[in-house]
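1. Sequence and predicted structure below; questions after.
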Amino acid sequence: MGRQHWKKIWVGSAGNMVEWYDWFVYASFATYFAGAFFPSGNPTAQLMNTAGIFAVGFFMRPVGGWLLGRVGDRKGRKAALTLTVTLMSASAVLIAVAPTYGVAGYGGALVLLVARLLQGLSVGGEYAASATYLTEASDPGRRGFASSFQYVSMTAGQIVGLGLQIVLQRTMSDDALHSYGWRIPFVVGALGAAVVFYLRRNMLETEVYEEDTSQAGERGTLRALWRHRREAFLVVALTMGGTVAYYTYTTYLTKYLSNSAGLSKQTATLVSFTALIVFACLQPLAGALSDRIGRRPLLITFAVGSTFLTVPIMTLLRHADGYWSALGLALLALVVVTGYTSINACVKAELFPTGVRALGVALPYALANALFGGTAEYVALWFKKGGIESGFSWYVAACAAVSLVVYVTMRETKDLDLGRVKAAREAGDGSAESTVTTAS
């Protein structure tokens, strides 16, 4: 890769890291602020309330995917990426200053809800804009490697959030963290977003987008996307299993270890922190492997592993009695998930022509996340409250099994030439097969 390509990847990834830091820090600090916005009572019920608001953010992602996907296709990837980080900064500020239940009753929960709606809009467009940008900015033979940095940066955002949580746990009392300490990470997120806003204002547009010759009036429209509806449905199906597994072993893992396995919050946080560092390092390796052997083998490996290993891993995690046993199981799960996370960005981007690529990735992916990813934590807590916690493990395995069918039957996409996937197909077939066979 040349210097300019690395610059594009760095700037896109840095912004993605801050976006996902803000998105995930809500989940990682929920155990501390759950009681601040809702009446005192059952801790699991309070977590379900905050998880419900977390899920609401996901239901705004399809709206954000449509709006910001349209911006990305009509105004450019740079414009969409700059707008997403602006919305994320505003949401972080709102959470940082939200009044508690004792001060404003449910008014504080309302502010929290508005902030999550803004975050949903932002992340709904961020994923697609980032996936599209990183895929288009890379050399044709290294798209898997380059796009893997999307999940490197996403995971880095989590690592920073968890690292800050560990520092606060070590330097502040538990009472202080529940009282006001949980606001600190949101202040940090707002400051980070301001820095990234400056970086993205000066980022370079991708050559693939600049050279696109499709009609301006057709770019980023639902009418154009409808011509590629098979690819859109394919994105939903191949996302289903991956997003449930990803959120199970990242955002929900800390709560699961503390609320179900009985580990201390400090130990549970340290397990997640360590596992995520290893997970981030695996992404480029798996992405580079996909450039050599193809995307499908990695996707199939993930789906087979998640289908048959989820139940035993989750069962053993629930009985983990310390840091090392929990870490080993978490790493095993995340190694399996890497087969999906390392390449899903480029696989989806490779399915669509340039003029509808951002919207084509954004809207169906956001819909899949709203239905499956955003609700994963809430579904897990619902099973727990109902006394059948093991049911969630079977749910995750079932979602992976559905995606496995898709992975086995889909065509390979690694040899696709993005520059030749033109909007000339507007007047013709928008099938998934025609997309893949337009390869060099």
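-> Looks like it arrived, so ask away. Numbers count the residues shown, from 1 in each chain.
2. next one: stretch 124-140 to chain centre, how far?
-> 13 Å (CA atoms, centre = their mean, to the nearest Å).
3. send the alpha carbons of it over as PDB?
-> Presented in PDB, the C-alpha positions along stretch 124-140 are these (Å, rounded to 0.1, in the frame of the first residue of the first chain):
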ATOM      1  CA  GLY A 124     -26.100   3.900  11.400                       C
ATOM      2  CA  GLY A 125     -24.200   5.900   8.800                       C
ATOM      3  CA  GLU A 126     -20.800   5.500  10.300                       C
ATOM      4  CA  TYR A 127     -20.500   1.800   9.700                       C
ATOM      5  CA  ALA A 128     -21.300   2.000   6.000                       C
ATOM      6  CA  ALA A 129     -19.400   5.100   5.300                       C
ATOM      7  CA  SER A 130     -16.300   3.700   7.100                       C
ATOM      8  CA  ALA A 131     -16.700   0.300   5.500                       C
ATOM      9  CA  THR A 132     -17.100   1.900   2.000                       C
ATOM     10  CA  TYR A 133     -14.200   4.300   2.600                       C
ATOM     11  CA  LEU A 134     -11.700   1.700   3.800                       C
ATOM     12  CA  THR A 135     -12.700  -0.800   1.100                       C
ATOM     13  CA  GLU A 136     -12.400   1.800  -1.700                       C
ATOM     14  CA  ALA A 137      -9.200   3.400  -0.400                       C
ATOM     15  CA  SER A 138      -7.200   0.100  -0.400                       C
ATOM     16  CA  ASP A 139      -5.300  -1.700  -3.100                       C
ATOM     17  CA  PRO A 140      -7.500  -4.200  -5.000                       C
END
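4. residues of that stretch that come out buried?
-> 124-138 (16 or more other CB atoms under 10 Å). The way it works is simple: take the backbone N, C-alpha and C, and place the C-beta from them, glycine included.
5. Tell me how many other residues crowd residue 103.
-> Residues contacting residue 103 under the criterion other CB atoms under 10 Å number 10.
6. quick one on the thing from earlier: okay, and which of the buried residues of stretch 124-140 map to helices?
-> 124-137 (DSSP state H).
7. pLDDT and distance to residue 355 for those - can I get that in TSV?
-> Shown next, in TSV, are those (pLDDT from 0 to 100; distance: CB to CB, whole Å):
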residue	pLDDT	distance to residue 355
124	80	20
125	83	17
126	83	20
127	81	19
128	84	14
129	86	15
130	86	18
131	87	16
132	89	11
133	88	15
134	87	18
135	87	15
136	87	12
137	81	17
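8. Thought residue 120 was touching residue 64, still the case?
-> Yes: using CB atoms under 8 Å, residue 64 is in contact with residue 120, at 6.0 Å.
9. what's the straight distance from one end of stretch 407-414 to the other?
-> 14 Å (CA to CA, to the nearest Å).
10. which parts of it are buried?
-> Going by 16+ other CB under 10 Å, stretch 407-414 has these buried residues: 407, 410, 413-414.
11. tell me which of those is nearest to residue 3?
-> residue 414 (24.5 Å; CB to CB).
12. any idea how far that closest one lies from residue 86?
-> 34 Å (CB to CB, to the nearest Å).
13. do residue 193 as well
-> For residue 193 relative to residue 86 (CB to CB), the value is 8 Å.
14. Give me the more crowded residue out of the two.
-> Counted by other CB under 10 Å, residue 193 and residue 86 do not tie: residue 193 has more neighbours, with 25 against 16.
15. residues in contact with the closest residue to the more buried one other than its chain neighbours?
-> In space, residue 193 comes closest to residue 89 once its chain neighbours are excluded; the distance is 3.4 Å by CB to CB, 6 or more residues apart in numbering. Taking CB atoms under 8 Å, 6 or more residues apart in numbering as the criterion, residue 89 is in contact with 189-190, 193-194, 197.
16. top of the residues you listed by neighbour count?
-> residue 189 (28 neighbours).
17. what are the ranges of the strands in the protein?
-> Using DSSP state E, the chain contains no strands.
18. Quick check: which ranges of it have low pLDDT?
-> Residues of the chain meeting the criterion pLDDT under 70: 1-2, 4-5, 38-51, 54-55, 58, 101, 419-440.
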